[in-house]
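Asker: Sharing a model prediction with you, sequence too.
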2 protein chains.
Amino acid sequence: MKFKSNFKVIAPATIANLGCGLDALGLALESPGDEVFVKPSNKTGIHISSILNNKTKIPLETDKNAAGVSAKLVLEHLKTNFDLDPKAGLDLGLNKKVAVGHGLGSSTASAVAGAFAVNEAFGCHLTKRDLIPFIMKGEELAKGQLRVNSLLPSLLGGIILTRDHQALDFHRLPLVKGLQMVVIYAQKQVLDKTQLRNNLTSKTDVANAIQQSANLGAFVQALYTSNLDLLSSTLTDHIAEKHWSALIPFFKELKATALNNGALGCGLAGAGPGVFALCKNSLEAEKVAKAMELIYTSNNIENTVIRSKIDHEGVRLA
Amino acid sequence: MKFKSNFKVIAPATIANLGCGLDALGLALESPGDEVFVKPSNKTGIHISSILNNKTKIPLETDKNAAGVSAKLVLEHLKTNFDLDPKAGLDLGLNKKVAVGHGLGSSTASAVAGAFAVNEAFGCHLTKRDLIPFIMKGEELAKGQLRVNSLLPSLLGGIILTRDHQALDFHRLPLVKGLQMVVIYAQKQVLDKTQLRNNLTSKTDVANAIQQSANLGAFVQALYTSNLDLLSSTLTDHIAEKHWSALIPFFKELKATALNNGALGCGLAGAGPGVFALCKNSLEAEKVAKAMELIYTSNNIENTVIRSKIDHEGVRLA
């Protein structure tokens, strides 16, 4: 049995519910990404030896963090189905670079990295697609309603359109070169995702539904035709944003500022509180990032600003 | 001033609200189409000398039929803005091949043909896009809520995605070769469009809105990637069909039969009562058409069945 160790895996942060793509579109950022270091171990099973940047005190116990759970499940699967020593084990070191609870798919990135790392260590028997159920369990998606908007771009990179979550009917969309993403969040604000989901009313206006669908169709058209004006006109959510954004400090000001400074669109990262602005190039992104940051700093809100290209590859060896 | 006469114009029938594209997608049929014959006239202005196939008794008066109104408005515009004899006039003969009131954009086709014919007769000063406001008035769209789902494909051909009706922000989608459309309708059933629009509740479930948007995004993806399996999975309306189809005899049976016989999708043409089935090729379409027809004939419902390719050109010289 081939075994590889002493390597590093990176799984990108993601922005789910991108623009008009509520529960449909997710996008991977080139950075940040959660990192997993794989080292050999004398002990059976998955052991997490260290967590760097562990601001939210994720426990080291394998069963209590997303990377550990997905890694463990993949290892068990490999032992059952492939020619793997039943006593095989791995030591994982996690570097938690994606902030927890700000809408960037943090637990997903850890789960993706953990699952990918184990498969890589023991001979790459599984495809990326094969890893999905293990990752889902790793981030406990399987317990709730199945939503893979963060998982798929972190695994595969790029912009992914999910048509049917249950059937895993998803599609990679083409990318327009040069696009840059800005994300800003107030460091101390962490939203309760269940509360957010509950805040979303179960009904929406038919007019909103029609506009949302036309925008998502036109979003795909814009990517295929590299039409940035069209892309810009589609990047508005007509269903959830008005409910969710009310909880985010200065959202209206952030959005107006981003658009006034040339952003193609601005909205919530996932269900927030992160706010994204998609920009046509790095120069625009720099300008937009500074202007958005000023909104928070001038109001004494500690914040983090991310600028990143779109990731094309998904989870990968570093 | 150049003047051309003794020619024929054809404007195709259309299927608006195609599948997941409620108020967003329209498609042009290669046939039937309304025809306008242009002949010289000694009289000033637009005169309609004959209407063939005039089952619904559309009046000959210029101001009382869609072709006449749009033709008149274009002529007035040309006289005001171009070097046209103020006394210039045209004789139009209309061949009404698109059945009125069955969801095939009948008045639109007439209005498109009338506007195009006059522009063609007097030197083609206007682009197809320029003709849109005159056509809208011709079919009295301008009086109600602006909806151009039928107008655009009849004018331009193909499948058109309209993102914003007011702003006329519309986009031609790519076509998959070989597709054929089947349409069936009960000859004696003509629905009241206002009643239909009122039947649609003003709210829809968020889950439906999300599914509709994901489907429309995936519909565009399917056309760009020529993925017929994906196309098929997207062709369902989650918002209006359940409200509107209840008024259509044997709708459930027609839809099940179409799908069981290999149709990619089946739904309402416009707001009905026409029912369309999109098929991957002419052989499948023949099978589907026969099976759908049998539902109506075996229940003693007089019906019309149309089989047609998708039109690529829109209104044109015959």
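Answerer: Happy to help now that I have it.

Asker: quick one: buried residues of the helix or strand hosting residue A:108?
Answerer: Assigned by DSSP states H and E, residue A:108 belongs to helix A:106-121. Buried residues in helix A:106-121, counted by 16 or more other Cβ atoms under 10 Å in any protein chain shown: A:106-121. Every residue, glycine included, has its C-beta placed from N, CA and C.

Asker: Measure how far it is from the centre of its chain, please.
Answerer: 13 Å (Cα atoms, centre = their mean, to the nearest Å).

Asker: All the strands of chain A, in order from the start?
Answerer: A:7-16, A:25-40, A:45-52, A:89-95, A:159-164, A:169-173, A:180-186, A:203-205, A:265-268, A:275-279, A:303-309, A:316-317 (DSSP state E).

Asker: which secondary structure elements does the shortest one contact?
Answerer: Under the contact criterion of 3 or more Cβ pairs under 8 Å, 6 or more residues apart in numbering or on different chains; DSSP states H and E, strand A:316-317 touches strand A:7-16.

Asker: how long is stretch A:154-174 end to end?
Answerer: 16 Å (Cα to Cα, to the nearest Å).

Asker: how far does that stretch sit from the chain's center?
Answerer: Chain-centre distance of stretch A:154-174: 12 Å, with Cα atoms, centre = their mean.

Asker: quick one: average pLDDT of that stretch?
Answerer: Mean per-residue pLDDT for stretch A:154-174: 96.

Asker: got the residues of the stretch 151-300 of chain A near chain B?
Answerer: Within the stretch 151-300 of chain A, the positions adjacent to chain B are A:161-164, A:169, A:171, A:173, A:200-210, A:212-221, A:224-225, A:230, A:233-234, A:239-240 by Cβ under 8 Å from any Cβ of the partner chain.

Asker: among those, which are in helices?
Answerer: In this view, these that belong to helices under DSSP state H are A:206-210, A:212-221, A:224-225, A:230, A:233-234.

Asker: which of those residues are buried?
Answerer: Among these, the ones that count as buried by 16+ other Cβ under 10 Å are A:206, A:208-210, A:212-221, A:224-225, A:230, A:233-234.

Asker: C-alpha coordinates for the helix holding residue A:108, CSV please?
Answerer: Below are the C-alpha coordinates for helix A:106-121, written out as CSV (Å, rounded to 0.1, in the frame of the first residue of the first chain):
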residue,chain,number,x,y,z
SER,A,106,-15.1,27.9,7.1
SER,A,107,-16.1,24.5,8.4
THR,A,108,-16.6,23.3,4.8
ALA,A,109,-13.1,24.3,3.9
SER,A,110,-11.7,22.3,6.8
ALA,A,111,-13.9,19.3,5.9
VAL,A,112,-12.8,19.4,2.3
ALA,A,113,-9.1,19.7,3.3
GLY,A,114,-9.4,16.8,5.7
ALA,A,115,-11.1,14.4,3.3
PHE,A,116,-8.8,15.3,0.4
ALA,A,117,-5.7,14.9,2.6
VAL,A,118,-6.5,11.4,3.6
ASN,A,119,-7.3,10.3,0.1
GLU,A,120,-4.1,11.8,-1.1
ALA,A,121,-2.1,10.1,1.6
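
Asker: between that helix and strand A:89-95, how many degrees?
Answerer: With axes from the mean of the first three to the mean of the last three Cα atoms, to 10 degrees defining the directions, helix A:106-121 sits at 140 degrees from strand A:89-95.
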